[in-house]
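Chemist: model the structure of this input:
(chains A, B, C, D, E and F)
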Number of protein chains: 6
Amino acid sequence: MVESNHPDEQTQSERFQRGWQRLKEVDGKAGEQVVESLQAIAPDLARYVVEFPFGDIYMRPGLDLKSRQIATVAALTALGTAQPQLKIHLRAALNVGCTQEELVEVVMQMAVYAGFPAALNGMAVLKEVLAESSLG
Amino acid sequence: MVESNHPDEQTQSERFQRGWQRLKEVDGKAGEQVVESLQAIAPDLARYVVEFPFGDIYMRPGLDLKSRQIATVAALTALGTAQPQLKIHLRAALNVGCTQEELVEVVMQMAVYAGFPAALNGMAVLKEVLAESSLG
Amino acid sequence: MVESNHPDEQTQSERFQRGWQRLKEVDGKAGEQVVESLQAIAPDLARYVVEFPFGDIYMRPGLDLKSRQIATVAALTALGTAQPQLKIHLRAALNVGCTQEELVEVVMQMAVYAGFPAALNGMAVLKEVLAESSLG
Amino acid sequence: MVESNHPDEQTQSERFQRGWQRLKEVDGKAGEQVVESLQAIAPDLARYVVEFPFGDIYMRPGLDLKSRQIATVAALTALGTAQPQLKIHLRAALNVGCTQEELVEVVMQMAVYAGFPAALNGMAVLKEVLAESSLG
Amino acid sequence: MVESNHPDEQTQSERFQRGWQRLKEVDGKAGEQVVESLQAIAPDLARYVVEFPFGDIYMRPGLDLKSRQIATVAALTALGTAQPQLKIHLRAALNVGCTQEELVEVVMQMAVYAGFPAALNGMAVLKEVLAESSLG
Amino acid sequence: MVESNHPDEQTQSERFQRGWQRLKEVDGKAGEQVVESLQAIAPDLARYVVEFPFGDIYMRPGLDLKSRQIATVAALTALGTAQPQLKIHLRAALNVGCTQEELVEVVMQMAVYAGFPAALNGMAVLKEVLAESSLG
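Modeler: Below is the predicted model:
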């Protein structure tokens, strides 16, 4: 049989709290708004967003938060179907220490792997994010 | 602040056990093998597969298991990037009561939404699954 | 040689009429508008939409209309490239008897198979559809 | 009301015969095999393949067959999820008069729009097709 | 060792000039605007757009410009993630001699390979392009 | 007018040599084989692979090579259509200093953004790469 190999006997609500702190730290206001906008229609999806990506994945050692954001920005730029999430994660990437130059490089590099339209559309989102953060 | 809205104070290992039972019930041997094949390289991904899709999603009321498999088969056929998972879920669909005819219809319908190649490649996977299950 | 195996000697315009009734029944006004908006630029594409998805596929026995809409909603949520069509099919799903809860479940489940952004963006479309139908 | 605008009162089996001739002309043996391989599991999908892509689309005036194959090869290379169909359509493209050089150009150009992996994987399929046709 | 097999000892800025002329010829004003909009955020991506797609690919013999636009329109319609680029290339296609009817056919054909939603969304973009060009 | 803003008057064959060195450094033997396998069918695509991704993108300052490989591995895992290229870039990532643990984390994280099947199929490729490198 497969063992649970769980580090601890944490309860689900402890996992939620941990995820919620991490979400606020990484995604800031925009992440909170995603969670809140789901409360009326699908509160459990809101909870899963907190628990799995943030309470599980972004709490893991083994890869620093900056590299995690680089991975996410690359994937969302390449997929080209997740502009709202790309926007949040470009901001998150700036929050955890990526520079503007690094983000330009990640998005630009996607021209190689997903084509020029993916890179151009990703760059347009980055442009918005930088314009908004220079106003803030 | 957002509340955890958790039904109970279940621990993570209880959630894992629940998911593991559901996975065996839905996916059978093939699901167990996926989990086991991950033990050496990424045991935590194995654990997440058990906990999130099976311990969380497939335990939910609100949609019967048969409709859940129809949704999964449709999505994996349309995406066209997940043939090994489509194979497992076609078997799972038969396990939870879908008929061969219903699965032919779901896969065929994807010609409308994802194009004929997606439907044809999905049908080839269904053909394999049916050939194997008639041998078993 | 391959036989046509056609159920009857139906003419093409009989097939069109059959599809047009089914389209109105399933997709309602929104479906009619899609067809009408194509009349000036590509009337034959409008005709094919009526004939193939509705006159052929949605007329088939072997899978009930509710399951067909679950399959379509799942696929369009997972693909993430067809928000206008997802909107129409979420309404269609309500028309043929899916409950709000069932649609929340189908869209949420796509987080497992196509990632959280696909599920979140699908949920945003469902939210719009429900807001509009509560006004109607 | 929307009119059927059908050119004639062709029956469905006449449409099938027309599609079957066109399929044999364009796709040759490989296309026939696709249709035959579906007879046992999903004969109606086989019929739709003959009727809609071949009986309807490839019979249309307004775009020559060579341009139609260029469009199809480009799309299938860019999607990257339909290697068996790309193989058939590269052969079909040669059948209707595309040169090897033209096909190399179409596949290569996809590096710009879908990324280098899509173009490289498409080129590998073209290499197989050319190797097989030089043996024939 | 692999040889450079370069036709000439052209410098990079000669390649850029060549690409810039071709971009203006094919994409017109809209293409220039894409390049200019990138100057502040990612001037090197602007440069690569000029150099690789236009200075390299669209300068190649072996496939006429009209066929190149057919390939691009087909791919972007099928991918469904690049509406701004599809718009530019539909205009480019008209610029290099494609007729409205041919473009309707290419976009419509994508229903077969990428599903009806892809074709319908592509047709909506073509409709916009034709409306704008009839005003111009 | 848009200026070329080129750092130098490097010739195309200098750019090729620079890219070739970088390709051998990053991708090793596997990268060389890709280039060589294209010599007979599409030597110019081979040349573009050397020049644009390696001679241009991977030579850029602004993002370290390790972060570039993390971005590429994330994107290719998420897309799910480029297994041969994912294999090469997982090896490349190890070559430029990523640890096995870091690559497991990047691939696993894609479950959040592209779904569990994408992560599972990416992990299967990583497993192959690690098995081969432990044999070497």
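Chemist: CA atoms for contacts and neighbours, from now on please.
Modeler: OK.
Chemist: for residue A:90, give me its contacts.
Modeler: Residue A:90 is in contact with A:69, A:73, A:103, A:126, A:129, counting by C-alpha atoms under 8 Å, 6 or more residues apart in numbering or on different chains.
Chemist: is the helix or strand hosting residue A:124 anywhere near chain D?
Modeler: Residue A:124 is part of helix A:116-135, with elements assigned from DSSP states H and E. Yes - using C-alpha under 8 Å from any C-alpha of the partner chain, helix A:116-135 reaches chain D at A:116-117.
Chemist: how about the spatially most central residue of chain A: what's its closest non-neighbour residue?
Modeler: For chain A, the residue nearest the mean C-alpha position is residue A:89 (4.3 Å; C-alpha atoms, centre = their mean). Nearest residue to residue A:89, sequence neighbours excluded (C-alpha to C-alpha, 6 or more residues apart in numbering or on different chains): residue A:73, at 6.3 Å.
Chemist: correct me if wrong: that neighbour contacts residue A:85.
Modeler: No - with contacts counted by C-alpha atoms under 8 Å, residue A:73 stays clear of residue A:85, the gap being 9.1 Å.
Chemist: got the contact list for the residue nearest to the centre of chain A?
Modeler: Contacts for residue A:89 (C-alpha under 8 Å, 6+ apart) come out as A:27, A:69, A:72-73.
Chemist: now it: phi and psi?
Modeler: Per-residue torsions, residue A:89: phi -80, psi -20 (degrees, to the nearest 10).
Chemist: what's the answer for the one 10 residues further on, then?
Modeler: Dihedral angles of residue A:99 (phi, psi; degrees, to the nearest 10) stand at phi -90, psi 160.
Chemist: can you give me the pLDDT of it?
Modeler: pLDDT for residue A:99: 98.
Chemist: tell me, how many residues neighbour it?
Modeler: 15 (other C-alpha atoms under 10 Å in any protein chain shown).
Chemist: measure it to residue A:76 for me?
Modeler: Distance, residue A:99 to residue A:76, by C-alpha to C-alpha, to the nearest Å: 18 Å.
Chemist: hang on, the earlier thing: got the buried residues for the helix holding residue A:124?
Modeler: Judged by neighbour count using 16 or more other C-alpha atoms under 10 Å in any protein chain shown, the buried positions of helix A:116-135 are A:116-123, A:125-127, A:129-130.
Chemist: take the residues you listed and lay them out in TSV including pLDDT and distance to residue E:39.
Modeler: Shown next, in TSV, are the buried residues of helix A:116-135 (pLDDT from 0 to 100; distance: C-alpha to C-alpha, whole Å):
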residue	pLDDT	distance to residue E:39
A:116	98	16
A:117	98	17
A:118	98	18
A:119	98	15
A:120	98	12
A:121	98	15
A:122	98	15
A:123	98	11
A:125	98	15
A:126	98	14
A:127	97	11
A:129	97	16
A:130	97	14
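Chemist: which one among those gets closest to chain C?
Modeler: residue A:118 (13.4 Å; C-alpha to the nearest C-alpha).
Chemist: who's in contact with that closest one?
Modeler: Going by C-alpha under 8 Å, 6+ apart, residue A:118 touches A:77-80, A:110-111, E:81-82.
Chemist: which one of the residues you listed sits in the busiest neighbourhood?
Modeler: In terms of neighbours by other C-alpha under 10 Å, the contacts of residue A:118 top out with residue A:78 at 34 neighbours.
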